[in-house]
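Peer 1: The following comprises the amino acid sequence and a computationally predicted model.
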Amino acid sequence: MYKRSKKILATGLTTALLLTSTVIPVAASGDFSGISISAKVEEYIAESTSQDPVTELVGETTPVAPEATSTEALNATKQAEEAPADAEPKTEAVAEEAPKEEVKEEAKVKYPQFKDRVIVTVDSGVLNIRESASPDAEIVGTIDRAGIALVEEKGDGWTKIGSGNCEGYVKNEYIAFGDQAGEWAEENGIPKYIKVQGAGLRVRKEASTDSDILDAVYENETYSVLSQKDDWVEIEMYDGTVGFVNDDYVEVRFETPRAKTVEEIEEMRRAEEEDARREKERLEAEAKAKAEAEAEEAARQAAASDDDDDDDSSSDSNSSSSSSSSSSAAERSAERLERTEEMKKENEKAIEASANAEESTVVASTNSELRANMIAYAKQFLGNPYVYGGTSLTNGTDCSGFTMRIYEHFGYKIPRAGGQRTFGKLISVAEAQPGDLVFYDGHVTMYIGDGKVIHASSERTGIIISSLSYSGTPLFARNIIDAY
């Protein structure tokens, strides 16, 4: 290999010498007549003892770039020939394709609602939440069966959870974690509902985009789920209508109540007692008014009967006509009673007509700015939690607690619960202006205009905005702002 390389080098060098007219220095000894230039150069290189015979022969300043290029190519070729067959070429492209650090994909969650959360699996009743991980620790709250809670610290026997406004410890044997929570909810038939993600989502008669449109639902509204199939969810509207919505635009969740603190439970108890007291007073007042009306009617009938008796006494002298007079008196008494009843009905109609005429009179509000400010203030609390019996706009309130606190902020002191249904001026729903209260069966909302209301709806939704007919036809409205 060494001799072959020298021969190749000599041949190339000879060519360079001929092209550049380089003269072999005197240092090259011996008689080279009759020998070709290439042979002389090859023999010189072979016999030279110099470590660099080429430099010695042609000098350091002799241009050899072309030959150097050829040598580099030969060396590259040699390296390629000697490299292992499976060796990869060291190029920039290979460097770019070098294996990168592996990124572990996060495990897929089947039930996102329960990611980092638990569900309460007690058979019945409620699960106590304790101040510390001990059965002897103080109870700080309770959570119902199928209730949901965030896992704050998981232990072997106890887990620290947070739910609603309550934080504490529960035993692991009464809860299920993550996807197991979802599986438990499926197996135990826990009801589901949807939360609408898009505005004006169409509700169709059948599970098809070609089906007739029944209605539309709006963002953040919730409806009970009847079934799920393929890409469609069957829901029940508030008026009982059943239809289908595309699951791309809704979030399907399980009905999972949240925990209540001991203080919230006590507040609920007091609110229920207050509601019961008010209802008792209302029933007693109605019974008293009815008794007074009946007594007054009895007195009128007695007076009419006395008049009949006087007429009968004056005719007793004619014994032959006593039977006829008695009959006539009974008829006259019946006629008077009938006229009394007719007058009573006419009077009631007149009172009702007068009331209706008064109620149908549209109140020209002089508080448009106040109403606008009231609605803007109410909207600040959208998304905050619903707590039955609660009155906190931030930590949890029910429907009447919400409206009471909004009015209170603007200087109006109004009752809560059923007391709001008789407070202020009764108006029709069509007359409602922003800020007026709109009532449904067992529920109160605040009208915000454009056919919408804001209200503390339920535990699963909290404070939301809904269409005026979200729960069917509202019953009536109350104007408190102008009639306070």
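Peer 2: Structure received.
Peer 1: Now do the closest residue in space to W184 that isn't next to it in sequence against G390, distance only.
Peer 2: In space, W184 comes closest to A176 once its chain neighbours are excluded; the distance is 4.6 Å by Cβ to Cβ, 6 or more residues apart in numbering. C-beta: built from backbone N, CA, C; applies to glycine. Taken as Cβ to Cβ, to the nearest Å, the spacing of A176 relative to G390 amounts to 28 Å.
Peer 1: List the neighbouring strands of the helix or strand R478 falls within plus their orientation.
Peer 2: With elements taken from DSSP states H and E, the one containing R478 is strand 476-479. Here strand 476-479 is paired, per DSSP bridges, with strand 425-427 (antiparallel), strand 437-440 (antiparallel).
Peer 1: contacts for the shortest one?
Peer 2: Translated: strand 425-427. For strand 425-427, contacts defined as Cβ atoms under 8 Å, 6 or more residues apart in numbering pick out 359, 363, 436, 476-480, 482-483.
Peer 1: Show me which pair in those is furthest apart.
Peer 2: In the contacts of strand 425-427, two members sit farther apart than any others by Cβ to Cβ. They are F476 and D482, at 16.0 Å.
Peer 1: quick one on the thing from earlier: helix/strand/coil for the residue nearest to W184?
Peer 2: Taking DSSP: H, G, I helix; E, B strand; the rest coil as the rule, one finds A176 in the strand state.
Peer 1: Tell me which of the strands paired with strand 476-479 sits nearest to K379.
Peer 2: Of all the strands paired with strand 476-479, strand 437-440 sits nearest to K379, with 16.2 Å by Cβ to Cβ.
Peer 1: Now the element after that closest one, going C-ward?
Peer 2: Toward the C-terminal end, the helix or strand that comes next after strand 437-440 (DSSP H and E) is strand 443-449.
Peer 1: In that next one, which residues are buried?
Peer 2: When neighbours are counted by 16 or more other Cβ atoms under 10 Å, the buried residues of strand 443-449 are found to be 443-448.
Peer 1: Report how many residues lie close to G389.
Peer 2: Using other Cβ atoms under 10 Å, G389 has 23 neighbouring residues.
Peer 1: Please name the nearest non-neighbouring residue to it.
Peer 2: That would be M268: by Cβ to Cβ, 6+ apart, it lies 3.3 Å from G389.
Peer 1: Surely the one you found is in contact with T261?
Peer 2: No. Using Cβ atoms under 8 Å as the test, M268 is too far from T261 to be in contact (10.5 Å).
Peer 1: Show me the beta-bridge partners of T142.
Peer 2: Here T142 sits in beta bridges with N128, K260, going by DSSP bridges.
Peer 1: got a list of what it touches?
Peer 2: With contact taken as Cβ under 8 Å, 6+ apart, T142 is in contact with 126-129, 259-260, 265.
Peer 1: Throw these into a markdown table and include distance to G147 and neighbour count, thanks.
Peer 2: Formatted as a markdown table, these follow (distance: Cβ to Cβ, whole Å; neighbours: other Cβ atoms under 10 Å):
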| residue | distance to G147 | neighbour count |
| --- | --- | --- |
| V126 | 8 | 17 |
| L127 | 7 | 20 |
| N128 | 12 | 19 |
| I129 | 10 | 27 |
| A259 | 6 | 26 |
| K260 | 9 | 28 |
| I265 | 14 | 14 |
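Peer 1: as a whole number, average confidence for the strand holding R478?
Peer 2: Rounded to a whole number, the mean pLDDT of strand 476-479 is 92.
Peer 1: what sits up against it?
Peer 2: The list of residues contacting strand 476-479 from outside it, by Cβ under 8 Å, 6+ apart, reads 363, 420-421, 423-429, 431-433, 436-439, 447.
Peer 1: For ChimeraX, what selects the buried ones among those residues?
Peer 2: With 16+ other Cβ under 10 Å as the burial test, the buried ones among the contacts of strand 476-479 are selected in ChimeraX as follows:
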select :420,421,423,424,425,426,427,429,431,432,433,436,437,438,439,447
